[in-house]
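1. task: produce atomic coordinates for the following.
(one chain, ligands or ions: 2)
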Amino acid sequence: MITEKYSIDPDWRNWIDTCLKKGCDKTEVFTRAIKGGGINPDTAFALTYGEQKPRPKNKVWSNIQSNKIQLSDREVNVIFQSIDPEIIVFGNVLSDEECDSLIELSKQKVIRSLVVGADTGNPTLHYSRTSESCSYQRGATSLHTAIEERISQLVNIPVENGEGLQVLNYRSGQEYKAHYDYFTSPKSIELHCKTAGQRTGTFIIYLSDVEAGGQTTFPKLGISVAPKKGNGLFFSYMNEQGDLDDRSFHSGHPVIEGEKWICTKWLRERPYFTP
Ligand SMILES: O=C(O)CCC(=O)C(=O)O
Ligand SMILES: [Fe+2]
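-> Ligands and ions are numbered 1, 2, ... in the order given. Model prediction:
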């Protein structure tokens, strides 16, 4: 796995090698190599995971027979499924209490949401996204860990291949106009995809019911998912060949009545590391 083409401090190379032989957690090794060893993330990735870039398996649920999925800590049900493109609505992903706790935790943290600027790749204010939101590191609390574990089991993608959870709040009139979740501009790809690769899929959990509006819609598919507290919506947009699917174009429709809270997780091709 460790090839000669990477020139790093031999002590660190040995350390990585020893950890891997001992079967240590790869995310931990990867993170320490970058933070402690000052190793370039691409090199650290190749040394830890090998140069074969893992891609998430698509079409995980195309042969799903049961309407119920038993996770390690919860039974989730399947409400809606489109096989191509892969879009699934799950029921009972979170309990009412878990939804309320995540909202409570986030109320004081949310600020106006930003989008990735096409020209600079940096977060920027834009009229197309008027919600408020906050971001969490993976494993920020035991509740975050439980949610991340459930999502990982539901979509068959390792926890470390996900960015931290985002919590979003839309009040009346607020929206997220139709967009792609994957990075589209050369600058944003250069800035955001170097280590963890592209985004491959999105998992949204609705934390509140909304009286009117607030649906997640896919205008190219004519599909609209109404928010329901505790439900999850998963859609994937990268196949095994790495092709991105523009049918995943989607929007958070304006809230008409009530208030919308969701949490979002973006999944990546490879383990995601926050600098
Ligand atoms: O608000 C929604 O329903 C969609 C949110 C969304 O598209 C996103 O956070 O990327
Ligand atoms: Fe989105």
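
2. pass me the low-pLDDT residue ranges in the stretch 151-275 of the chain, would you?
-> 275 (pLDDT under 70).

3. in it, which residue sits nearest ligand 1?
-> Nearest residue of the stretch 151-275 of the chain to ligand 1: residue 252, at 2.4 Å (CB to the nearest ligand atom). For the C-beta atoms, the positions are set from N, CA and C on the backbone; glycine is no exception.

4. partner residues bridging the nearest residue to that residue once chain neighbours are set aside?
-> With CB to CB, 6 or more residues apart in numbering as the criterion, residue 252 has its nearest non-adjacent residue at 3.7 Å, and that residue is residue 176. Note on residue 176: beta-bridge partners by DSSP bridges are residue 129, residue 252.

5. what's near enough to touch residue 176?
-> By CB atoms under 8 Å, 6 or more residues apart in numbering, residue 176 lies in contact with 113, 128-131, 170, 251-252.

6. gap between residue 241 and residue 35?
-> Using CB to CB, to the nearest Å, we find residue 241 at a distance of 33 Å from residue 35.

7. mind checking which of these two has more residues around it?
-> A direct count of neighbours by other CB atoms under 10 Å for residue 241 and residue 35 places residue 35 higher, at 12 against 7.

8. so how far is ligand 1 from that one?
-> Distance of residue 35 to ligand 1, given as CB to the nearest ligand atom, to the nearest Å: 29 Å.

9. got the contact list for that residue?
-> Contact partners of residue 35, counting by CB under 8 Å, 6+ apart, are absent.

10. tell me the phi and psi of it?
-> Per-residue torsions, residue 35: phi -70, psi -50 (degrees, to the nearest 10).

11. check the one 4 residues further on too.
-> Main-chain torsions, residue 39, degrees, to the nearest 10: phi -80, psi 140.

12. hang on, isn't it packed against residue 33?
-> Yes - between residue 39 and residue 33 there is a contact at 4.7 Å, judged by CB atoms under 8 Å.

13. ok, residue 245 - how many residues close by?
-> Applying other CB under 10 Å, we find 18 residues neighbouring residue 245.

14. excluding its backbone neighbours, what's nearest it?
-> Going by CB to CB, 6+ apart, residue 245 has residue 237 as its nearest residue, at 4.4 Å.

15. who's in contact with the closest residue to residue 178 other than its chain neighbours?
-> Nearest residue to residue 178, sequence neighbours excluded (CB to CB, 6+ apart): residue 251, at 4.0 Å. Contact analysis of residue 251 by CB under 8 Å, 6+ apart lists 175-179, 216-217, 219.
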